[in-house]
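Undergrad: Using only what follows, build the 3D model:
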Amino acid sequence: MIDLSNKKVLLVRNDNIGDLICTTPAIEALRKKYPSAQIDIVVNSYNEDAIKENPFINKTYIYTKPKHKKGLVEKIKAAFGKLKILVQIISEGYDAVVIFRGGYSKSAELFSTLSRAHYKIGVQNKNGKDGFTTHIIPNPNTHEVMFCFECLKPFGVIYAGEGTRYFIPAEMIQKYTPYQNAILFHISSRITENRYPKEKFKEIIDALKGKEVVISAEPVDFAQARWLAENTQAEFIKTSSLNDLGGLIANVKLFVTLDGGAMHLAPALGTKTIALSGKTNMNQWHPWGYAHLVLQDESKRAENISIATILKTIQENL
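TA: Sure thing, here's the model as predicted:
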């Protein structure tokens, strides 16, 4: 076992916000194992909210991916911002680097390479060309939370019941306290196979007569959310950001969602979550703690999950 006591550790999780949420249990366990270690992390401007106010991190490096910027000038600014972070990492002198990515990432390995750390943990490049000292073999039937613990196994870190976490400012939670008895339907998913027809959502909401029902959506689906509000007893709440949505989720009694970042956000806030999934491998990506509330048709299309099955699951979990 590699001892990280009084060592400097750099973690890298520079992909999506749900992925970073799934990494938070491992970060907590790492801190518990090594309270004297300096634990820093590299994230990007797209997922940084998932690590804000995390009590187990010493320093957070945040950079913007040039591909997330429009225009040459903005892309150049983003590139220089990343370069500045790389220089800081070089000068810090880390002892160990852990890349929390289920597949090899050249951009993520760059942070590892330039750190000049003695211990470098990551998934092997399929071409066999990388600088990792220890390779992690991903298992598609292992949840992402537990994959992150596999990445920390060389340091003797083991899972001990840690949950996912996400910080929502108190004022955003207080904003939605009137909805503590509500069922919240989040109707958005960017993947076609993971989407669910608004007409079927209407039938489900109609069958929940007498229950307080609210709807949330991403901007691309605001029109569908308005249609549901106009044609059912449900209320559409137009949230302005992921944190704003989190404030609402943190209050409601039950969260029913399609596959996406919000599916990981809700368990991190302690809200019971029913996930309607399509083609996603839910062995790897189910909402942490709520694998038993995942509904998925054998066709791997969310639209084929029966209304009766969804209603039964909702009624059993109110």
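Undergrad: so how many other residues sit close to residue 43?
TA: Residue 43: 24 surrounding residues under other Cβ atoms under 10 Å. Glycine gets a C-beta too; all of them are placed from N, C-alpha and C.
Undergrad: Pretty sure residue 182 sits against residue 216.
TA: No - the pair formed by residue 182 and residue 216 falls short of the contact definition of Cβ atoms under 8 Å, at 10.7 Å.
Undergrad: which residues are contacting the helix or strand hosting residue 41?
TA: Using DSSP states H and E, residue 41 maps to strand 38-44. Strand 38-44 is contacted from outside by 7-15, 20, 27, 30-31, 50-51, 56-65, 68, 85, 89, 92, 94, 111, using Cβ atoms under 8 Å, 6 or more residues apart in numbering.
Undergrad: Need the CA coordinates for that strand. PDB is fine.
TA: Extracted in PDB, the C-alpha atoms of strand 38-44 (Å, rounded to 0.1, in the frame of the first residue of the first chain):
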ATOM      1  CA  GLN A  38      -2.900  18.000   0.800                       C
ATOM      2  CA  ILE A  39      -5.700  17.000  -1.500                       C
ATOM      3  CA  ASP A  40      -6.200  19.300  -4.600                       C
ATOM      4  CA  ILE A  41      -8.400  18.700  -7.600                       C
ATOM      5  CA  VAL A  42      -8.500  19.800 -11.300                       C
ATOM      6  CA  VAL A  43     -12.000  20.500 -12.700                       C
ATOM      7  CA  ASN A  44     -13.500  22.500 -15.500                       C
END
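Undergrad: for the record, mean pLDDT for that strand?
TA: Strand 38-44 shows a mean pLDDT of 96.
Undergrad: quick one, strands of the stretch 1-150 of the chain?
TA: Assigned by DSSP state E, counting those that start in this stretch, the strands in the stretch 1-150 of the chain fall at 8-12, 38-44, 59-63, 96-99, 119-122, 134-135.
Undergrad: Point out the most buried one among the ones you listed.
TA: The highest mean neighbour count among those, using mean count of other Cβ atoms under 10 Å, belongs to strand 96-99: a mean of 28.
Undergrad: Walk me through which strands that strand pairs with, and which way each runs.
TA: Using DSSP bridges, strand 96-99 pairs in its sheet with strand 8-12 (parallel), strand 119-122 (parallel).
Undergrad: Make a markdown table out of the strands of the stretch 1-150 of the chain and add distance to residue 240.
TA: Shown next, in a markdown table, are the strands of the stretch 1-150 of the chain (distance: least, Cβ to Cβ, whole Å):
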| stretch | distance to residue 240 |
| --- | --- |
| strand 8-12 | 30 |
| strand 38-44 | 21 |
| strand 59-63 | 21 |
| strand 96-99 | 33 |
| strand 119-122 | 36 |
| strand 134-135 | 42 |
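Undergrad: between those strands, which one is nearest to residue 269?
TA: strand 38-44 (19.3 Å; Cβ to Cβ).
Undergrad: and the angle for that closest one with strand 59-63?
TA: 20 degrees (axes from the mean of the first three to the mean of the last three Cα atoms, to 10 degrees).
Undergrad: Starting from strand 38-44, tell me which strands it pairs with and how they run.
TA: Under the criterion DSSP bridges, strand 38-44 sits next to strand 8-12 (parallel), strand 59-63 (parallel) in its sheet.
Undergrad: Just put these in JSON lines and tack on mean pLDDT.
TA: JSON lines is the format used below for those (pLDDT from 0 to 100):
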{"stretch": "strand 8-12", "mean pLDDT": "98"}
{"stretch": "strand 59-63", "mean pLDDT": "95"}
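Undergrad: Include distance to residue 197 when you put the ones you listed into CSV, please.
TA: Below are those laid out as CSV (distance: least, Cβ to Cβ, whole Å):
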stretch, distance to residue 197
strand 8-12, 39
strand 59-63, 38
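Undergrad: which stretches of the protein form helices?
TA: Along the chain, counting by DSSP state H, helices occupy 17-33, 72-92, 106-115, 144-152, 170-174, 198-207, 222-231, 242-249, 261-268, 282-285, 307-316.
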